[in-house]
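Peer 1: Can you look at this prediction? I've put the sequence above it.
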Amino acid sequence: MATDVLIVGGGGREHALAWKLKQSPRIGRMYVAPGNGGTRLVGENVAIDQMDFENLAKFAKEKNVALTIIGPDNPLGEGIVDFFKLHKLRVWGPTKASAHIEGSKAFAKRLMRDAGVPTAEFEIFSQHDDALAYVRERGVPIVIKANGLSFGKGVYVCMTLAEAEAALEEIMVRRVFKEAGNEVVIEEYLDGQEISIHALADGKDFVLFPPAQDHKQIGEHDTGKNTGGMGSIAPVPFVTAAALKDIETRVVRPTLRALAEHGAPYTGILYPGLMISQKGPKVLEFNARFGDPETQVYMRLLKTDLLDILEASTDGKLAGMNIEWNGGFAVNIVLASGGYPDAYKKGFPITGIEDAEKVEGVVVFHAGTLYDKELTTSGGRVLGVSAVGDTLQNALARAYEAVEHIHFEGKYFRRDIGAKALR
Ligand SMILES: Nc1ncnc2c1ncn2[C@@H]1O[C@H](COP(=O)(O)OP(=O)(O)O)[C@@H](O)[C@H]1O
Ligand SMILES: [Mg+2]
């Protein structure tokens, strides 16, 4: 019997998941709420907001959806999984208690300290004067983080004392993140290359995905403001099998165990962001969901049926499951609106996607696009141009060739995706 699914979210991640699910021989109808200009090509967009749990659950019930898959952090953090379970609906993702590992950086840091998971040295503050005294005593460089979800803007990597003082002022005095800034984590600055690890867990067991690397900053050579991700690669050539095993043993396993001991056994994707520093791997943060740019490369490499593995994760049946990956590499280049991550204009027509997809190995995922008679830009990150290849260089060459076919006013992208991993 065909399996009908509902995907909650509307970014590149959800388009990539829908694209891959569509290839399952068992897939039935696929709904995406709210979806975007790309998800409508593989499924049916449903105009329900991702935070409208009431209407999402009602829709899942009415349509007899067999599985609801939650993409973004906000509904997970607010307990959409618990809400669906309360209504006896089958749902994939972590509960609110489990997603707290992303929703509270202070909770994550304390859990890591207790479980002996390698992370930057830190202190937690709720009083501005104490935090200020600590920063002045420790000196710079130093990293200041608002505790809660802050739309990716709550982390300040401070190279001068003036920057650090301004960060504390914004978070704790002007309270720009409101209650997400009730506590701040102040931590040691780490130098090195960042990588993304994804572990798929089912409450008891877990399976690791290949390592991926996102490029968070807007400017080439990792300069300028942080974004939701400007491009990604997988696997990461410099992360050896032994290094991945070490991360599994020292980070993933003890964290999942600690969550289970806290009464929050983890189901879904646990995604630690790591700094590979001189002193070995150190956790920067945990996310309780798929990374958006990472998903766009993972789905290009995944060989096993995605529906099979999401159902196994949901039902606690991952033990003994073998997840297969295609050889070679996948890359993703994000095309953004000019001005992003600051203010930008929307509503520009997009052309050339078909030509881009004629380049061998290329698939274009949509993020901030809207289809209404024509396809237009509707967000900061507009498209993800993905490519696979036998080598990382080959995949990059294909993706960059495809990028040239796509046009919209203000199109911006980084030309150095994958460059540092090749160095
Ligand atoms: N201790 C640190 N040392 C150096 N850079 C850091 C440190 N912590 C975070 N960063 C940088 O800031 C970015 C955002 O931090 P992160 O903790 O991942 O928060 P979020 O993704 O919630 O904004 C990271 O991707 C990394 O580039
Ligand atoms: Mg992060």
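Peer 2: Yep, it's here. Ligands and ions are numbered 1, 2, ... in the order given.

Peer 1: how about the residues of the stretch 201-350 of the chain that lie near ligand 1?
Peer 2: For the stretch 201-350 of the chain, the contact set with ligand 1 under Cβ under 6 Å from any ligand atom comprises Lys216, Asn226, Gly273, Leu284, Glu285. For the C-beta atoms, the positions are set from N, CA and C on the backbone; glycine is no exception.

Peer 1: what do you get if the cut-off is 5 Å, keeping everything else the same?
Peer 2: Within the stretch 201-350 of the chain, the positions near ligand 1 by Cβ under 5 Å from any ligand atom are Lys216, Gly273, Leu284, Glu285.

Peer 1: can you pick the most crowded of these?
Peer 2: Leu284 (19 neighbours; other Cβ atoms under 10 Å).

Peer 1: So that residue sits against Pro118, correct?
Peer 2: No. The pair Leu284 / Pro118 is not scored as a contact, 10.9 Å apart, by Cβ atoms under 8 Å.

Peer 1: For stretch 219-235, the averaged confidence score.
Peer 2: Mean per-residue pLDDT for stretch 219-235: 96.

Peer 1: Columns secondary structure and pLDDT on top of the residues of the stretch 201-350 of the chain next to ligand 1, output as TSV?
Peer 2: Below are those laid out as TSV (DSSP: H, G, I helix; E, B strand; the rest coil; pLDDT from 0 to 100):
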residue	secondary structure	pLDDT
Lys216	coil	94
Gly273	strand	98
Leu284	strand	98
Glu285	strand	98
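
Peer 1: could you list every residue that touches the residue of the stretch 301-423 of the chain found nearest ligand 1?
Peer 2: Proximity of the stretch 301-423 of the chain to ligand 1 (Cβ to the nearest ligand atom) peaks at Pro341, 11.5 Å away. Listed by Cβ atoms under 8 Å, 6 or more residues apart in numbering, the contact partners of Pro341 are Ile218, Lys225, Asn226, Thr227, Gly228, Gly380.

Peer 1: what does the domain assignment say about the chain?
Peer 2: 3-95, 121-188, 193-422 (automatic domain parsing).

Peer 1: next one: the second one to chain centre, how far?
Peer 2: Counting by Cα atoms, centre = their mean, to the nearest Å, domain 121-188 is centred 23 Å from the centre of its parent chain.

Peer 1: so does that domain get close to ligand 1?
Peer 2: Yes. With Cβ under 5 Å from any ligand atom as the criterion, ligand 1 is reached by domain 121-188 at Val143, Gly152, Val155, Val157, Glu187.

Peer 1: Packing partners of the helix or strand where the first one lies?
Peer 2: What it means is Val143. Per DSSP states H and E: Val143 is located in strand 142-146. Other helices and strands packing on strand 142-146, by 3 or more Cβ pairs under 8 Å, 6 or more residues apart in numbering; DSSP states H and E, are helix 128-138, strand 155-158, helix 161-168, strand 184-188.

Peer 1: Point out where the chain drops to low pLDDT.
Peer 2: The model of the chain has no residue with pLDDT under 70.

Peer 1: Centre-most residue in it?
Peer 2: When Cα atoms, centre = their mean is applied to the chain, the residue found nearest the centroid is Gly291 (1.7 Å).

Peer 1: give me every residue that touches that one.
Peer 2: Each residue near Gly291 by Cβ under 8 Å, 6+ apart is listed here: Arg13, Ser196, His198, Ala212, Asp214, Gly229, Ser232, Tyr271.

Peer 1: Relative to ligand 1, which of the residues you listed is nearest.
Peer 2: Using Cβ to the nearest ligand atom, Asp214 comes nearest to ligand 1 of the contacts of Gly291, at 7.9 Å.

Peer 1: Phi first, then psi, for the closest one.
Peer 2: Dihedral angles of Asp214 (phi, psi; degrees, to the nearest 10) stand at phi -100, psi 170.

Peer 1: With Ile269 instead?
Peer 2: Residue torsions, per degrees, to the nearest 10, at Ile269 are phi -100, psi 120.

Peer 1: Leaving out chain neighbours, which residue sits closest to it?
Peer 2: Once flanking residues are discounted, Ile269 sits nearest to Phe290: 5.0 Å by Cβ to Cβ, 6 or more residues apart in numbering.

Peer 1: pretty sure that neighbour is touching Glu14, no?
Peer 2: No. Using Cβ under 8 Å, Phe290 is not in contact with Glu14; the gap is 9.3 Å.

Peer 1: for stretch 24-43, which positions count as buried?
Peer 2: Across stretch 24-43, burial judged by 16 or more other Cβ atoms under 10 Å covers 24, 27, 30-40, 42-43.

Peer 1: again, but for stretch 321-330
Peer 2: Neighbour-count burial for stretch 321-330 flags Ile323, Gly328, Phe329, Ala330 (criterion: 16+ other Cβ under 10 Å).

Peer 1: What is the end-to-end distance of it?
Peer 2: 23 Å (Cα to Cα, to the nearest Å).
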